[in-house]
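Asker: Dropping the sequence and predicted coords here.
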Amino acid sequence: MGCLIAQAAAKRPRALALREGERSWTWAELDADVGRRVAQLEREGLGRGARYGALTATSADLVAAFFACQRLGLTLVPFNVRLTAAELAPLVARAALAGALASPRHVEALAGVTWAPRRPPGEGEPPALALFTSGTTGAPKLVYLGRDQLEASARAAAQRVPVGADDRWLLTMPLFHVGGLAMLTRWALAQGTLELHPGFDEAAVWRALDGGATQVSLVAQTLRRLLRASPASAPRSLRAVLVGGGPCPPGVIAEARERGFPVLQTYGLTEACSQVCTEVPGAADGSTCGPPLPGVRVEIRDESGAQVPPSVPGRIFVAGPTVSPPLGPWLDTGDFGQLDAGGRLSVLSRREDLIISGGENVYPAELERVISSHPAVEEVAVIPIADERWGQAGLAAVVLRPRGELGELERWARGRLAAFRVPKQWRRLDALPRTPTGKLDRPALRRALEG
């Protein structure tokens, strides 16, 4: 009841719903696939409230499983299939699964798992998703999101960036990540067409954009790769390029917009069902993440918990119908930022990345924004390190373009940053480590620098 796929099939049965490679489905055909998946799950004895794991790459089968679980009241638990079997095994054990969809190469991770009761008792609406956070700031934890949060997020996003049945959604993000799963709900609610890609391939993405895709979500790294893949301007059919997952260098944003890409920076997190803030089309400033989505509230608070005025940095708190219920009503995101007088959010750092140097707060995102504006810089990340004199200082890990020199870059930065903000150490790297979703992997960077 209330299944978005069933609703679309009733209204637009013969319209194209989904494309994966050479295969395609109308809404009626996709609805039938979801129905067959429901019947299979029922034959396996899986009932309302049970947890169903997904250890498989992005595919139409996983899309069908996502909606089939919602029809049955199961909680889908997707896993990062880029992890090894040894890495997956403890996560699977923690998830208390009653069953799972697994590709052949991931079955090993299920070896020895103790299956939970197939019809566990419980009251109330079970969550639609149990998502492991990426683990970029510590041990992964499970975050629970219900259909109410998913659909509230989709409706709020549609108010910020209007969508309709004529939209063609290009999904390159993995379906173990909230960004990809949130797109499934936005697409099904809009009743457009979804084109599935198993990963990000810039040539394939260019072909899809040239073929009429109207919506795509990227991170800074994939946007940079896309711009390098072709010197062409963006197709006129492209309506929105949502960029999130961390700060995007201003130069990349500027180049994209000069070439006609309708880039909108976003800020979001798993616990708030993806987007929290998104730039307003036609009023994007290129330096903030825009104001909160309709119905979502953002406050900046100091260490005492008091709300601070505009332009004063502090901790980011989020409230609204998109926040995971166990974490509400006000979610402490663990991030630092500030709101301007227009209510637009700038994200300054994660709590774990904040540098406190001689009693002064130093925000890595601000340093990275300045350093990345130098023409010799390809990528940069600033992390905190221990400092005998100041307690903490910054270390800048830099990927330089050909003929770039680290010493010259440091001298240049000293002319543009206050002395206490200039990184005390500079390291040149061939590349910055990335998570499977393309975000900067700061723990891996720390390990690489310590090694």
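Answerer: That came through, no problem. Note that the structure is predicted; figures quoted are calculated from it, not measured.

Asker: going forward, measure contacts between C-alpha atoms and count neighbours the same way
Answerer: Will do.

Asker: show me the contacts for R257.
Answerer: Taking Cα atoms under 8 Å, 6 or more residues apart in numbering as the criterion, R257 is in contact with V263.

Asker: Walking through the stretch 201-350 of the chain, point out its helices one by one.
Answerer: Applying DSSP state H, counting those that start in this stretch to the stretch 201-350 of the chain gives helices spanning 202-210, 220-229, 250-258.

Asker: Could I get the contacting residues of L170?
Answerer: Residues in contact with L170 (Cα under 8 Å, 6+ apart) are L194, E195, L196, H197, A208, A213, T214, Q215, V216, S217.

Asker: Please identify the most buried of the helices of the stretch 201-350 of the chain.
Answerer: Mean neighbour count, computed with mean count of other Cα atoms under 10 Å, is highest for helix 220-229 among the helices of the stretch 201-350 of the chain, reaching a mean of 18.

Asker: after the strand or helix carrying G179 comes which helix or strand?
Answerer: Element membership for G179, per DSSP states H and E: helix 178-190. Using DSSP H and E, the helix or strand that follows helix 178-190 in sequence is strand 193-196.

Asker: Parallel or antiparallel, list what pairs with that following strand.
Answerer: Note on strand 193-196: by DSSP bridges, its sheet partners are strand 16-20 (parallel), strand 168-171 (parallel).

Asker: Could you list the paired strands of the helix or strand of the chain with the lowest mean pLDDT along with their orientation?
Answerer: Averaged element by element with mean pLDDT, DSSP states H and E, the chain has its least confident helix or strand at strand 360-362 (a mean of 81). Looking at strand 360-362 with DSSP bridges, its partner strands are strand 355-357 (antiparallel).

Asker: Identify the residues contacting the partner strand?
Answerer: N361, V362, Y363, P364, I383, P384, W390, G391, Q392, A393, G394, F420.

Asker: Out of those residues, which comes closest to T133?
Answerer: Minimum distance to T133 across the contacts of strand 355-357 is 20.7 Å, recorded for I383 (Cα to Cα).

Asker: Pull out the buried positions in the host helix or strand of the closest one.
Answerer: Assessed by DSSP H and E, I383 sits inside strand 377-387. For strand 377-387, a neighbour-count test (16 or more other Cα atoms under 10 Å) marks V377, E378, E379, V380, A381, V382, I383, P384, I385 as buried.

Asker: Now distance to P402 and pLDDT too, for the residues you listed, in CSV please.
Answerer: Shown next, in CSV, are the buried residues of strand 377-387 (distance: Cα to Cα, whole Å; pLDDT from 0 to 100):
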residue, distance to P402, pLDDT
V377, 9, 95
E378, 9, 93
E379, 13, 93
V380, 15, 95
A381, 18, 94
V382, 21, 94
I383, 24, 92
P384, 27, 90
I385, 28, 89
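
Asker: Serialize these to TSV and add fields for distance to A254.
Answerer: Listed next are those as TSV, based on distance: Cα to Cα, whole Å:
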residue	distance to A254
V377	15
E378	15
E379	16
V380	17
A381	20
V382	22
I383	25
P384	28
I385	31
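
Asker: Closest to Q275 out of these?
Answerer: Once Cα to Cα is applied, the member of the buried residues of strand 377-387 that ends up nearest Q275 is A381, at 23.3 Å.

Asker: Next, the contact list for the closest one, please.
Answerer: With contact set as Cα under 8 Å, 6+ apart, A381 has these partners: P364, E368, A396, A397, V398, L432.

Asker: now, which of these lie within helices?
Answerer: Judged by DSSP state H, the subset of these located in helices is P364, E368.

Asker: can you redo the contacts of A381 as a markdown table with pLDDT and neighbour count?
Answerer: Listed next are the contacts of A381 as a markdown table, based on pLDDT from 0 to 100; neighbours: other Cα atoms under 10 Å:
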| residue | pLDDT | neighbour count |
| --- | --- | --- |
| P364 | 89 | 24 |
| E368 | 92 | 21 |
| A396 | 96 | 23 |
| A397 | 97 | 24 |
| V398 | 97 | 25 |
| L432 | 94 | 19 |
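
Asker: Pick out whichever of the contacts of A381 sits closest to I253.
Answerer: Closest approach between the contacts of A381 and I253, by Cα to Cα: E368, at 14.3 Å.

Asker: Wait, that closest one touches V382, no?
Answerer: Yes: taking contacts as Cα atoms under 8 Å, E368 lies within contact range of V382: 6.5 Å.

Asker: Using the record, which stretches count as separate domains in this structure?
Answerer: Per the record, the chain has its domains at 4-126, 198-351, 354-450, by automatic domain parsing.

Asker: A418 - how many residues pack around it?
Answerer: Around A418 there are 9 other residues, counting by other Cα atoms under 10 Å.

Asker: Repeat that for the one 4 residues further on.
Answerer: One way to gauge burial is a neighbour count; for V422, by other Cα under 10 Å, it gives 22.

Asker: Check what pLDDT it gets.
Answerer: Looking at V422, its pLDDT is 93.

Asker: what sits against it?
Answerer: L367, G394, A413, R414.

Asker: again, but for R147
Answerer: With Cα under 8 Å, 6+ apart, R147 has these contacts: Q70, P127, A128.
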